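>>> this one's sequence-less:
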């Protein structure tokens, strides 16, 4: 294919972390890049904080880090990582039968690898700052995508007077924009996806789980010691704190300033009920999340519950992610997931790395210089996008399912002895048989870059092997032995066997 | 609740059969009714034929008939039924192993009940004519819903200069419309649903099956005998004709004028392949649908394949169907289904009957006169819509699933001996044990008004009973008997048993 001397134009819709990183990848390859964002520039002090619908703090892990590592700007990762806090595991908070509070640390990884608490806004601003200095990038804030024709490669944006107005009276000025490729990174309620669905027969599924969430804040310690910088944190800064419950969950993630951003997850009925009598919130916390009221003043707890929005959780699966050579959706626009595996943003950032990896591959196949921004014909780009879509759908569906599964696990299982036994088995295998490639599923998801779908396939197999081995070598002789020699406690043994079988069937079910 | 003397305003979006019937139900109850339709009035001779994206002919059955019967206009049903043709069963077309063509009639119902072929346009026009004469109904054609605020009960419509324009350049005039209740009957790509999703946390799923469809026409006989009016039909007018295939299907439904409207269903790859060499279409038909080329001239077959659009099939499930007291979606907007059970329009018309039945019930509960159009407060209407949604979601999901299952059955099973055995068992039971309420699933769906979800639950139970009875009384003694006494044919017997077990497991799977 002959290269066109004029760089192709990439229009990115959405200037969040995923859209910004996509713009950076595109800009590094010499494309003419335009970024359209519905809201105001979040670096503008007058902008409404993004936490209106998005969580402030996030868990950044290898996939997100790797995507930034490969962005072609060697300062980006250093800057971003400098503001993160490593979290080496979960800290489970609970109350013992005797009434004492306890904490129990569970490391994520036996090799000491960690995930990182990061401020979403800080990460985003860093990306915008880098983009702003690039000559081939232009920002258009307060622009709302109102229409797109992906055959003629034209889109229409309404120029908004104020950010985020949604009713349709008093039409704003509209501009027409041409493009070679539009990248939709405009979140779960993506307008790009909506307009793309008029051109492609898209299988699409969205589901709201019956859980709402609301953010709280644990303030930094009041009198931190200057000699002990960590004393500004009221609880361990190096853990993701969890107060588990059967129906509820409260978590806390550290921030650099010593505070913790916390999230209450609970069924919508609980929110409704507390909403009518918010003064009951501290009692509710004392009952379900013991110890929190000593970290957040009860009056503050009530005030924050009233002030902060109560937001839903949506899970989205669709396919394909592209139309022809002219459109592709990334991040939440393609695969919004519940937040319980800490992979939402990481998967979105990984989308960017994989998409441009495939585009580069096609350029090399055509004999062009990878990343030349002028090399791919529309027909070839169409093949590249189809390959991206086919590959990434499987992986996004896999992590989407894992996130839903982990929702159950985080709420209920973290305290159970069986959960800890399984953890122990998995971890032991990864220590004693590292050459066999034994790693826990969590480690493969959070500390590696293997495809999500392969992680699931491999750990399903691992799980079956573990269970067979455990059954054959330990559980079966043990249980039958106990049963044969201790008939006096038959009932108890039956219960043990029942529990074991239940656990095994759950285990196999994963 | 005190009744407001002013009638409430119902805005219906979509003037197809479902929207028109909903408008009629509302108008009969004295509501102030406005109907907004994206397209032009289909009675206007300049209007593009509706068959652009919709099938011309439909199978009308009891649920649709019952909904019109209860519409409060005693002429409606007479007029509509006068133009229908009863279809008492399927006519299966095939080729015998010796090369001879054969037809095999399979009645839908052992009691002689039939479904009816009806012209969609004719039915629709009849409804519009009736509505036009009502003083409390106003039409707004060429109006496109562009926005809605279901909290303040306001909607915005663009007045279109031409029907169906979709790009967003050159904005048209926009009007603001207030309402008490908006009924969205605007089809699978419903704009009402789209705007409602901004107000309600809707679980939503759309799926395209890998089958496209294209319409063909069998012309009336050229020299019909004036003494034999039925001689204008080239094949039996009282059957739904099916040419089954493993991957393909061709069907023909009679029209009043002696023609048949036919539909080819095939995987998209087959359409693509034939699309590149349309001259192969007659050969393709001769191979897969023997006999069709003697009913449609091969040159016409090619011409119609080229001229008529190749359209996708979408299946939609969502819930809930309403928001608060101000919005509800009906018909394809709520539950577009594949056409293989002939229930799409029937389910949509039934939606109308059930919705207004529930609204009437709430008015009676409030001591008002049912259907007074002024009686229900917003809070009470909200409860009524919630009840409708909760009830109807289960039924719509059930018929949606049945339609997908029938897709498989119609393509592959109609010729198999096991299918006929099952049919025979089901039909026999309904003849010999009518007092037990035995009826086939198809009969319960097509000839009754029982809830779809109850039909499925009841016939699942029936199926299990039938299988158990058949196993105990006939199959098990027979097969084991044969096996014991005829060891010589063991292989054959094994095959029989295997087939039987397969059939039973499929049967139970329903």
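Yep, it's here. The structure displayed is predicted, hence computed values, not measured ones.

>>> Check the gap between residue A:285 and residue A:269 for me.
Distance of residue A:285 to residue A:269, given as Cβ to Cβ, to the nearest Å: 17 Å. Any C-beta I mention is one placed from the backbone N, CA and C, and that applies to glycine too.

>>> Compare these two and say which is more crowded by neighbours.
Higher neighbour count among residue A:285 and residue A:269: residue A:285, with 23 against 11, using other Cβ atoms under 10 Å in any protein chain shown.

>>> Run a quick neighbour tally on the closest residue to the more buried one other than its chain neighbours.
In space, and not counting its chain neighbours, residue A:285 is closest to residue A:292: 4.9 Å by Cβ to Cβ, 6 or more residues apart in numbering or on different chains. By other Cβ under 10 Å, 22 other residues sit near residue A:292.

>>> just checking, residue A:292 touches residue A:250?
Yes - look at residue A:292 against residue A:250 with Cβ atoms under 8 Å: they come within range, at 6.3 Å.

>>> Which neighbours do these two have in common?
Common contacts of residue A:292 and residue A:250 (Cβ atoms under 8 Å, 6 or more residues apart in numbering or on different chains): A:243, A:262, A:285.

>>> so what's the backbone phi/psi at the residue in the stretch 1-150 of chain A positioned nearest to chain B?
Per Cβ to the nearest Cβ, residue A:147 is where the stretch 1-150 of chain A lies closest to chain B, at 3.2 Å. Phi and psi for residue A:147, reported as degrees, to the nearest 10, are phi -170, psi 160.

>>> tell me the pLDDT at it?
Looking at residue A:147, its pLDDT is 94.

>>> Then residue A:108?
In this model, residue A:108 is scored at 86, pLDDT.

>>> where does the stretch 251-400 of chain A have low pLDDT?
For the stretch 251-400 of chain A, the stretches flagged by pLDDT under 70 are A:369-375.

>>> could you pull out the strands for it?
With strands called from DSSP state E, counting those that start in this stretch, the stretch 251-400 of chain A shows them at A:260-266, A:311-319, A:322-323, A:327-329.

>>> Which among those is found nearest to residue B:67?
Proximity to residue B:67 (Cβ to Cβ) singles out strand A:311-319 among the strands of the stretch 251-400 of chain A, at 34.1 Å.

>>> Give me the contact status of the closest one with chain B.
Yes - contact of strand A:311-319 with chain B (Cβ under 8 Å from any Cβ of the partner chain) involves A:312, A:314.

>>> tally of neighbours for residue A:385?
24.

>>> Tell me which residues touch the residue lying closest to it once chain neighbours are set aside, please.
Here the nearest residue to residue A:385 in space, its sequence neighbours aside, is residue A:322; by Cβ to Cβ, 6+ apart that works out to 3.8 Å. Taking Cβ under 8 Å, 6+ apart, we find residue A:322 in contact with A:200, A:328, A:329, A:385, A:386, A:388, A:389.

>>> Strands along the stretch 51-200 of chain A, start to end?
A:57-60, A:85-87, A:89-95, A:101-107, A:115-119, A:137-140, A:143-149, A:154-159, A:173-178, A:181-184.

>>> Determine the set of other helices and strands touching the fourth one.
In terms of contact count using 3 or more Cβ pairs under 8 Å, 6 or more residues apart in numbering or on different chains; DSSP states H and E, strand A:101-107 is assigned the packing partners strand A:89-95.

>>> Check which helices and strands the strand it packs on is in contact with.
strand A:101-107, strand A:239-244.

>>> show me the contacts for the residue lying closest to residue A:354 once chain neighbours are set aside.
Excluding the flanking residues, the one nearest residue A:354 by Cβ to Cβ, 6+ apart is residue A:392, at 6.3 Å. Residues in contact with residue A:392, defined by Cβ under 8 Å, 6+ apart, are A:321, A:334, A:351, A:354, A:355.

>>> ok, residue A:16 - how many residues close by?
Residues lying near residue A:16 (other Cβ under 10 Å) number 23.

>>> pLDDT value on it, please?
Per-residue pLDDT puts residue A:16 at 96.

>>> Select from the helices and strands packed on strand A:89-95 the stretch with the lowest mean pLDDT.
Among those, strand A:101-107 carries the lowest mean pLDDT (a mean of 88).

>>> Report the buried residues of that one.
residue A:106 (16 or more other Cβ atoms under 10 Å in any protein chain shown).

>>> Not counting it itself, show me its contacts.
Under Cβ under 8 Å, 6+ apart, the answer for strand A:101-107 is A:88-96, A:235-236, A:239, A:290-291, A:414, A:423.

>>> quick one, what contacts the residue nearest in space to the middle of chain A?
Closest to where the C-alpha atoms of chain A average out (Cα atoms, centre = their mean) is residue A:344, at 2.0 Å. Applying Cβ under 8 Å, 6+ apart, we find residue A:344 in contact with A:58, A:332, A:336, A:337, A:403.

>>> Residue A:173 now?
Counting by Cβ under 8 Å, 6+ apart, residue A:173 has contacts A:158, A:159.

>>> Give the bridge partners for it, please.
Applying DSSP bridges to residue A:173 yields these beta-bridge partners: residue A:159.

>>> For it, give me the pLDDT.
pLDDT for residue A:173: 86.

>>> shouldn't residue A:115 be in contact with residue A:61?
Yes - contact criterion Cβ under 8 Å: residue A:115 and residue A:61 qualify, at 4.4 Å.

>>> could you flag which of the contacts of strand A:101-107 are buried?
For the contacts of strand A:101-107, a burial check counting by 16+ other Cβ under 10 Å picks out A:88-95, A:235-236, A:239, A:290-291, A:414, A:423.

>>> Which residue in these has the weakest pLDDT?
Note: of those, the lowest pLDDT belongs to residue A:414, at 54.

>>> and whichever residue of the stretch 251-400 of chain A sits closest to chain B, what is it in contact with?
Residue nearest to chain B within the stretch 251-400 of chain A: residue A:312 (5.2 Å; Cβ to the nearest Cβ). Going by Cβ under 8 Å, 6+ apart, residue A:312 touches A:208, A:212, A:268, B:201.
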